[in-house]
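> Following is a predicted model, sequence given first.
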Amino acid sequence: MGIVDACRLTGRSRATHHRRLHPKPPTPKRPRPAPVTALSATERAAVLALMNQPEYAELPPAQIYARELDEGRYHCSERTMYRILKEAGQDGERRR
């Protein structure tokens, strides 16, 4: 019995049969390049210092972000603030 007849009997396509017989070798994972707009280490440290100031120390990043925008200052996105806190190990409860 040939491949065509066997595939027809089992309901499997010939392309699937040949792909399973000769799979492609896995491609090595390449590291993603850093985005052009990524914050530098000094900018990240400045945002962390901002979030640790006494008036902001007990607030979540969403409120810090909103208050800074109200003052006309934009440092980074709200999500980036959460990422910076997580990297610093401060992503838990911020209240006393």
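Yep, it's here. Residues are numbered from 1 along each chain as shown.

> how about the helices of the protein, start to end?
Along the chain, counting by DSSP state H, helices occupy 3-10, 14-21, 41-51, 61-70, 78-87.

> Let me have the ones you listed in JSON lines, adding mean pLDDT, distance to residue 94 and mean neighbour count as columns.
Every residue, glycine included, has its C-beta placed from N, CA and C. As requested, these are exported to JSON lines (pLDDT from 0 to 100; distance: least, C-beta to C-beta, whole Å; neighbours: other C-beta atoms under 10 Å):
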{"stretch": "helix 3-10", "mean pLDDT": "86", "distance to residue 94": "60", "mean neighbour count": "11"}
{"stretch": "helix 14-21", "mean pLDDT": "88", "distance to residue 94": "52", "mean neighbour count": "11"}
{"stretch": "helix 41-51", "mean pLDDT": "95", "distance to residue 94": "9", "mean neighbour count": "15"}
{"stretch": "helix 61-70", "mean pLDDT": "95", "distance to residue 94": "9", "mean neighbour count": "15"}
{"stretch": "helix 78-87", "mean pLDDT": "94", "distance to residue 94": "8", "mean neighbour count": "16"}
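
> Compare those and report which one is nearest to residue 27.
Shortest distance between residue 27 and these, using C-beta to C-beta, is found for helix 14-21: 15.5 Å.

> list the helices and strands that closest one packs on?
helix 3-10 (3 or more C-beta pairs under 8 Å, 6 or more residues apart in numbering; DSSP states H and E).

> Give me the contact list for the helix it packs on.
By C-beta atoms under 8 Å, 6 or more residues apart in numbering, the list of residues contacting helix 3-10 from outside reads 13, 14, 17.

> so what's the second one up against?
Listed by C-beta under 8 Å, 6+ apart, the contact set of residue 14 reads 3, 4, 7.
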